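Student: any chance you could fold what I've pasted below:
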Amino acid sequence: MEITPAQFAQIEHCLPTQRGNVSLSNLDVLNAILYVAEHGCKWRGLPRRFGNWHTIYTRMNRWSKSGVMDRVFEELQRSQVVRIKIEAVSLDSTSIKVHPDGTGALKKGSSRKTVGFSRQLII
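Tutor: Numbering: from 1, shown residues only. Have a look, this model is predicted:
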């Protein structure tokens, strides 16, 4: 999924104007961000044709904090350039770290007695 220059012209007003000597245009950065969102790759996994991954990440992070990304995606949705519909969010339990207090483990020096019960693991 890449935005064409004609589609970019519709949303260009949402992006900050580029100043100084920049190596990547806003269109290139936006297409790289869409690539990461679509393929779910890491920033370091961006193909070289997009440019330096760190430059793209830094600009995306700055845009995200200032609300530019929200405005861009709202405009992309409004003009139906990109259609996004989130139906479900899923988390892989192997990537979630739980603090020992969250597992029900006894704290050191606790005089609390535990009641035995069995847990059934459903896979």
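
Student: now stretch 51-59: buried residues?
Tutor: Of the residues in stretch 51-59, those buried by neighbour count under the rule 16 or more other CB atoms under 10 Å are 51, 53, 55-57, 59. Placement of C-beta: from N, CA and C, glycine included.

Student: so who does residue 12 touch?
Tutor: Neighbour list for residue 12: residue 26 [criterion: CB atoms under 8 Å, 6 or more residues apart in numbering].

Student: sorry, wrong one. I was asking about residue 47.
Tutor: Contact analysis of residue 47 by CB under 8 Å, 6+ apart lists residue 35.

Student: quick check: residue 82 touching residue 72?
Tutor: No: using CB atoms under 8 Å, residue 82 is not in contact with residue 72; the gap is 9.6 Å.

Student: can you give me the strands in this protein?
Tutor: Taking DSSP state E, the chain contains no strands at all.

Student: want to try JSON lines for the buried residues of stretch 51-59, with distance to residue 2 as columns?
Tutor: Listed next are the buried residues of stretch 51-59 as JSON lines, based on distance: CB to CB, whole Å:
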{"residue": "51", "distance to residue 2": "14"}
{"residue": "53", "distance to residue 2": "17"}
{"residue": "55", "distance to residue 2": "18"}
{"residue": "56", "distance to residue 2": "14"}
{"residue": "57", "distance to residue 2": "18"}
{"residue": "59", "distance to residue 2": "17"}
